[in-house]
Structure formats: structure tokens, C-alpha cells
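**Q** please work out how this folds:
(chains A and B)
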Amino acid sequence: MTSIGSSAPAIGDPVPDFTLASLDGVDVKLSDYKGKRVAVFMWASW
Amino acid sequence: MYTEITAAGSDILSIAIDLQGPEFPRPFHDKARAQFTTVVDAGTVVTRTFGVRAIPNGALIDENGILRYSLYGGFDIRNPATKKLVSGFLLNGEVTLTDETEVKGAVDVASLDHFERGLELYGSGDFEGAAVIWRQGMELEPDHWNMRKQLWAIEHPDRFYDGKVDYDWQRVQVTEGL
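**A** Okay, here's the model as predicted:
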């Protein structure tokens, strides 16, 4: 069984990079925001 | 406000967790007239990266990519304490916690394998097979809301996409253990 809770970043840890497509289909990486403070909001339409 | 945020060297990244694709979150993004970027997670990128199984969530990440704050589950920017915390971080780089500031971090996602196997089946068009796997996952982990709601959205699209999300219906499903 895959377990990720222990490998996910705690406060003070680096957040692993990821890539997701924007609503317009453009790839966006978390690392694109390096050098900026960023607030990440996670939500859904449901 | 967004202009102030970017002028301060900060930004906002919005992640919609919708396996049905970008057409579903797009109306919400447009209605909010959001100037920041919204990306779509139709898989388990968010689950794997942050260790979450529910929404709404907020994470504050500094200039060096370090997690400075997290509230996974129950994040609401309209909450005065949350709004003050987030704006303080974005505008001034400060993370000031008070007695009213809630903090929730990553959890073990015991049913991740079920979630991913169901996503594969769903992606191949086998909705029934996906539903079977996800129901097994929910027995293992009833609090995996991202999986539960995707299942509901597939089986009962009229409760989600027919003009509004029917939260009363969702509460009944939970009460009746469905």
C-alpha cells in the first residue's frame, strides 16, 4: 500500500515541484513561482 | 488586492481538483473574475504532493519553496483570521499565528492506490469499474472526500452540474452512509 503522509512536506520543509495544466492548457510548474511568496488554494467545482 | 500582492513580489496559484477536466472549474474561475492562474488536477498530483484527501485547502510557500503554513481541510479565505494570515504573508512575508489560526498538515492517504486505480479505469471509460474500486477505497478510508465526491459526481451529475452543487443532498448521503 502506498503511504504518502510521512513524505509530504511539513511546515519548514521544501515543497516538491509539480506541473499541472492551466485552464487554457498551459503547463504551470510550482517552480515557476520560485523567488516569490505564493499562496496555493486547492478547491473543486463540486 | 491582486495588484498589491504581485507588487509585493507574491502571487496566488489556484488548483482545481476536477478529474472531469477544465470545463468544470472554469465557470467558477471566471465568475470570481480571478486574475491569478488556475490549474487543474485531474489526477493525484495534489494528493501526492501535499498529503491531502479533502478540500478546501490552503498552503503558503515562501520565496525558496519552503512550506510556511498549511490548512488542509476547512480553509476559507473569508475567515478573518485566515484572511489576515494570508495577506500578511503575501504582502509582508510574515506568518503570524494567533489562537484563532487553525493549522492542519498532511495526513496518510491510505486509499491512494484505490484512488489511482479508479482514475485509470475512469480514464479508460470504465466508469463502473472505477466506482467499484473507489467504493472499496472509501470503506478503507471514509474521510477521503476527494475520492468520494468524484464518485458522487459521476454517479449523480445532476447533483453537481445542473446549475448548482446540491450540498443538502451531499449531507443526506453522509448521514445515510452512502
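
**Q** rest of the way, CA atoms for contacts and neighbours
**A** Fine.

**Q** close to chain A, is stretch B:135-148?
**A** No: for a cut-off given as CA under 8 Å from any CA of the partner chain, stretch B:135-148 has no contacts with chain A; the smallest distance is 8.9 Å.

**Q** show me what counts as buried in that stretch.
**A** Along stretch B:135-148, the positions that meet the burial threshold by neighbour count (16 or more other CA atoms under 10 Å in any protein chain shown) are B:Arg135, B:Gly137, B:Met138, B:Glu141, B:His144, B:Trp145, B:Asn146, B:Met147, B:Arg148.

**Q** quick one: which of the residues you listed is nearest to chain A?
**A** If you rank the buried residues of stretch B:135-148 by distance to chain A using CA to the nearest CA, B:Asn146 comes first, at 8.9 Å.

**Q** which residue, other than its chain neighbours, is closest to the residue nearest the centre of chain B?
**A** Within chain B, the residue whose C-alpha comes closest to the C-alpha centroid is B:Ile55; the distance, by CA atoms, centre = their mean, is 3.6 Å. Leaving aside its chain neighbours, B:Ile55 sits nearest to B:Gly73 (5.1 Å; criterion: CA to CA, 6 or more residues apart in numbering or on different chains).

**Q** direction included, what does the longest strand seen in chain B pair up with?
**A** The longest strand of chain B (DSSP state E) is strand B:10-17. Within its sheet, and counting by DSSP bridges, strand B:10-17 is paired with strand A:37-43 (parallel), strand B:37-41 (parallel).

**Q** turn those into TSV, columns for distance to B:Tyr167 and mean pLDDT.
**A** What follows is the strands paired with strand B:10-17, written out as TSV (distance: least, CA to CA, whole Å; pLDDT from 0 to 100):
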stretch	distance to B:Tyr167	mean pLDDT
strand A:37-43	15	96
strand B:37-41	22	95
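
**Q** can you give me the buried ones in the least confident helix or strand in chain B by mean pLDDT?
**A** Taking mean pLDDT, DSSP states H and E as the measure, the helix or strand of chain B with the lowest value is helix B:167-175, at a mean of 74. By neighbour count, with 16+ other CA under 10 Å as the criterion, the buried positions of helix B:167-175 are B:Gln170.

**Q** okay then, goodbye and thanks.
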